[in-house]
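Peer 1: only the shape, not the letters, is given here:
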């Protein structure tokens, strides 16, 4: 599918065929595309929790306002990120770069993040957002539908997946074969409402 077609046709689909199974090769292709998304300092701190256990999904549905896509979609991915990834063997993020570049950026990573927990969390959430959009566009490009979801009990779901203390939760993404048409677009702001030239 053309990139712009995928961008304009991607919608939040609320109904999925529970019998449909995404081929393993397509699942891998989507996740491999998602990890092409950019991250600050190339930290790659997103962690994708693919929920395959049906009983676990049923528990999550109870914690997610009974949204059917949690159980019915072929693929359910919980977007999380490691806020302390910048501390964990940071040289690995730049191992293929020229030495002078790697030394500069690995050396800068610590002072940039250290003691700035708000920044660590912000960077993690920014990275989650970019990877999530890449994942959804990849799904659309392969002919699948998706639905990003934040309407769930975040703390309770974090417990269900044993989220480490140094990680943050992001949205869930359901992917599969849609069975319902999306609602009409509820209202798109005009470019003039959102684009500011130079200064406010």
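Peer 2: Okay, I see it. Note that the structure is a prediction, hence the values are computed from the model and not measured.

Peer 1: residue 20 reaches residue 26, doesn't it?
Peer 2: No. If you go by CB atoms under 8 Å, residue 20 and residue 26 don't touch, sitting 11.5 Å apart. Backbone N, C-alpha and C define where each C-beta goes, glycine included.

Peer 1: of the two, which one has the most company?
Peer 2: residue 26 (18 against 14; other CB atoms under 10 Å).

Peer 1: which residues are in contact with the helix or strand containing the more buried one?
Peer 2: Taking DSSP states H and E as the criterion, residue 26 maps to helix 24-34. With CB atoms under 8 Å, 6 or more residues apart in numbering as the contact definition, helix 24-34 has outside contacts at 46, 48, 50, 75, 131-132, 134-135, 138-139, 142, 144, 175.

Peer 1: longest helix anywhere in the chain?
Peer 2: helix 117-141 (DSSP state H).

Peer 1: neighbours around residue 140, how many?
Peer 2: So residue 140, with other CB under 10 Å, has 21 neighbours.

Peer 1: from what I can see it touches residue 2, true?
Peer 2: No. Using CB under 8 Å, residue 140 is not in contact with residue 2, being 10.7 Å away.

Peer 1: list the residues that contact both of these two?
Peer 2: Joint contacts of residue 140 and residue 2 (CB under 8 Å, 6+ apart) do not exist.

Peer 1: the protein: helices as residue ranges?
Peer 2: Counting by DSSP H, the helices of the chain are 3-9, 24-34, 54-62, 69-72, 99-113, 117-141, 154-160, 191-194.
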